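> need a 3D model of the sequence below.
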Amino acid sequence: MSGNPSTRVPSGKVAFVTGANGISGHAIVEHLIRTPESDWCKIIVTSRRPLESSWVDPRVEFVAIDFLKPAEIIVDQIKTICKDVTHAYFTSYVHSMDFSTLAKKNCPLFRNFLDAVDTACPNLERISLQTGGKVSDQQDRDSSHILTARQHYGMMFREAFTPFHEDMPRYEGPGSESIFYYEQEDDMARVQKRRNKWHYNVIRPMGIIGYTPQFNGMNEVVPLAQYFLICRELGETPKWPGNLRNYHRVEDQSYAPSIADLTVWATTQDHCKDEAFNHTNGDFILFKFLWGHLAKYFGVEVPSYSDMPDRDEPELDLLEWARGKEQVWKSIVEKYGGRADCFQTGGFAMLNWGFNPSLDIKTPFMSTVAKARKFGWTRLDDSYDAYCRSFQSYENAGILPCSRQFK
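Presented below is the predicted three-dimensional model:
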């Protein structure tokens, strides 16, 4: 997919997608390659590491870029291949379980990207920045301090009106410095004023469900499947890994192909210039029903906790449970297929705080897509089905064993 860029004059839009190994970036590329060439004539993709996907579409060209390098170095890398770019999609993200460090990496990451595309892409029309509405928190084990980030609306710091809407005022109290999305949006507005030529969109998804061949720390689908499949292999009953208060929690979700659909749609609509849009699937989940839905998919029985009183202690520590299970996973792969190297303890650590948020959130943690609907976006996805679709994508890719063999 690498090589000399075409010298012909583009007859359609040219996309530049960062973070192509990530869930959202991968979904945007998948969305774009399903469009006609007359609409998108070239799709330039980038990541820090070599691509895990093998897109055969000849419009796709890959360039390896580390956006933590100085902008002038990045400009030299992209000034030829990206000279015709019209639409730039930024989904890159540096993850750390120490959320206090996220701003130190992710703000320069985006700032360098902005400086580079503003300089090297004279035909640029639109930039899309993906931020988020999903809350993330981590309890510092050495103190009572909670590290928080990755939630635009400041739900972790205040009793906010719900569902969240795009024009909700920013949170400016203690801890607001951890919400690095504010700085990213301000940087985008600042750089936009240099030439005052291109426009932007901000897309704010909730908890993301989807497929990527890169095993990253923010993807819950793979460790969820491994938990159920290993329990099945060992004859164990899959316990609910959260506390019982969260067993009854209501939340909305964002399916990656749907995020891609909204992102590309918004950035190609003239009336959506310089607008932010929340993303959800348009429905919601109740975690106790999700747990039963997942159990049915993997052909196992799970206990019901509906009649038990709420308590804050988790029913199971997934990270502790995962210790020593790698050999069991390898045995499953040898018998049924899949990839042994996709078993990573970091995924179970992520699930731990996903099912056990230490924040005392009393209001439903939900966002609204009413604004996107008013602007004309109409897609709707079933969130329960999105999990099954994501499992099936990993099975089709040979990363997870085919679930049909277990039924």
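> please count neighbours and contacts with C-alpha atoms only from this point.
Noted.
> any idea how many residues pack against residue 339?
By other Cα atoms under 10 Å, the residues close to residue 339 number 16.
> how about residue 201, secondary structure?
Secondary structure assignment for residue 201 (DSSP: H, G, I helix; E, B strand; the rest coil): strand.
> and it, what pLDDT?
Residue 201 is assigned a pLDDT of 98 by the prediction.
> what's the nearest residue to it if we skip its chain neighbours?
Ranked by Cα to Cα, 6 or more residues apart in numbering and with sequence neighbours excluded, the top spatial neighbour of residue 201 is residue 128, at 4.8 Å.
> so what's that neighbour up against?
87-90, 200-203, 263, 267 (Cα atoms under 8 Å, 6 or more residues apart in numbering).
> mind picking the two most distant members of those residues?
Using Cα to Cα, the contacts of residue 128 span at most 14.4 Å, a distance reached by 87 and 203.
> higher neighbour count, the two?
Neighbours around residue 87 and residue 203, counted as other Cα under 10 Å, are more numerous at residue 87. The numbers are 26 against 22.
> hang on, the more buried one packs against residue 122?
No: counting by Cα atoms under 8 Å, residue 87 does not reach residue 122; the two are 11.2 Å apart.
> so the residue sitting nearest the centre point of the chain is in which element?
The geometric centre of the chain, computed from its C-alpha atoms, lies nearest to residue 208 (Cα atoms, centre = their mean), at 4.7 Å. Assigned by DSSP states H and E, residue 208 belongs to strand 207-209.
> residues in contact with the helix or strand that that strand is followed by: which ones?
Using DSSP H and E, the helix or strand that follows strand 207-209 in sequence is helix 221-234. Outside helix 221-234, the residues that touch it by Cα under 8 Å, 6+ apart are 209-211, 237-238, 295, 298, 300, 325, 328-329, 332, 342-344, 347-348, 351, 387, 390-391, 394, 400.
> can we see that at 7 Å?
Residues outside helix 221-234 that contact it (Cα atoms under 7 Å, 6 or more residues apart in numbering): 209, 237-238, 298, 300, 328-329, 347-348, 391.
> narrow those residues to just the buried residues.
If you count burial by 16 or more other Cα atoms under 10 Å, the buried members of these come out as 209, 238, 298, 300, 328-329, 347-348, 391.
> okay, now the domains of this protein?
Domain assignment for the chain, taken from automatic domain parsing, gives 13-210+254-279, 221-251+284-363+381-406.
> closest one to residue 370 among those domains?
Of all the domains of the chain, domain 13-210+254-279 comes closest under Cα to Cα, at 8.1 Å.
> could I get the full set of strands for the stretch 1-150 of the chain?
Using DSSP state E, counting those that start in this stretch, the strands of the stretch 1-150 of the chain run over 13-17, 40-47, 60-64, 87-90, 126-130, 136-139, 146-149.
> from residue 55, how far off is residue 84?
Relative to residue 55, residue 84 is positioned 21 Å away (Cα to Cα, to the nearest Å).
> right, I mislabeled it, should have said residue 233
34 Å.
> quick check, residue 61 in contact with residue 47.
No: contact criterion Cα atoms under 7 Å: residue 61 and residue 47 do not qualify, at 11.7 Å.
> for residue 286, phi and psi?
phi -110, psi 120 (degrees, to the nearest 10).
> in the sheet, who's paired with residue 40?
residue 13 (DSSP bridges).
> who's in contact with it?
12-14.
> ok, and the most crowded of those?
residue 14 (23 neighbours).
> against residue 71, how distant is that residue?
Counting by Cα to Cα - residue 14 and residue 71 are separated by 21 Å.
> what does residue 328 give?
46 Å.
> tell me where the stretch 151-300 of the chain has helices.
Remark: helices assigned in the stretch 151-300 of the chain by DSSP state H, counting those that start in this stretch are 181-195, 221-234, 244-247, 256-267, 287-298.
> now do the SS call for residue 315.
coil.
> poorly predicted segments of the stretch 1-150 of the chain, please.
1-10, 95-100, 133-150 (pLDDT under 70).
> which stretches in it count as helices?
For the stretch 1-150 of the chain, the helices defined by DSSP H, counting those that start in this stretch cover 23-32, 71-78, 102-120.
> and the contacts of the shortest one?
Translated: helix 71-78. By Cα under 7 Å, 6+ apart, the list of residues contacting helix 71-78 reads 112, 115-116, 120.
> apply 6 Å and report the result again.
112, 116, 120 (Cα atoms under 6 Å, 6 or more residues apart in numbering).
> now swap in the longest one and tell me
Here helix 102-120 makes contact (Cα under 6 Å, 6+ apart) with 67-68, 71, 75, 79, 180, 184.
> quick one: which of those is nearest residue 277?
The closest of these to residue 277 turns out to be residue 184 (Cα to Cα; 15.5 Å).
> got a pLDDT number for residue 352?
Residue 352 is given a pLDDT of 83.
> so how far is residue 317 from it?
The value you get for residue 352 to residue 317, if Cα to Cα is used, is 7 Å.
> ok, now residue 299?
Distance from residue 299 to residue 317, by Cα to Cα: 23 Å.
> out of those two, which sits in the busier spot?
Taking other Cα under 10 Å, residue 299 and residue 317 do not tie; residue 317 has more neighbours (19 against 16).
> hmm, back to that, farthest-separated two in the contacts of helix 221-234?
Farthest pair in these, by Cα to Cα: 209 and 328, 25.4 Å.
> for residue 327, phi and psi?
phi -70, psi -30.
> how about it, what does it touch?
By Cα under 6 Å, 6+ apart, residue 327 has no neighbours at all.
> so what pLDDT did it get?
pLDDT at residue 327 comes out at 97.
> could you find the closest non-adjacent residue to the residue nearest to the centre of the chain?
residue 254 (4.7 Å).
> how about residue 301?
residue 295 is the one closest to residue 301 (Cα to Cα, 6+ apart), at 6.1 Å.
> what's the pLDDT at that neighbour?
On the pLDDT scale, residue 295 gets 95.
> next: the one 4 residues further on.
Listed pLDDT for residue 299 reads 93.
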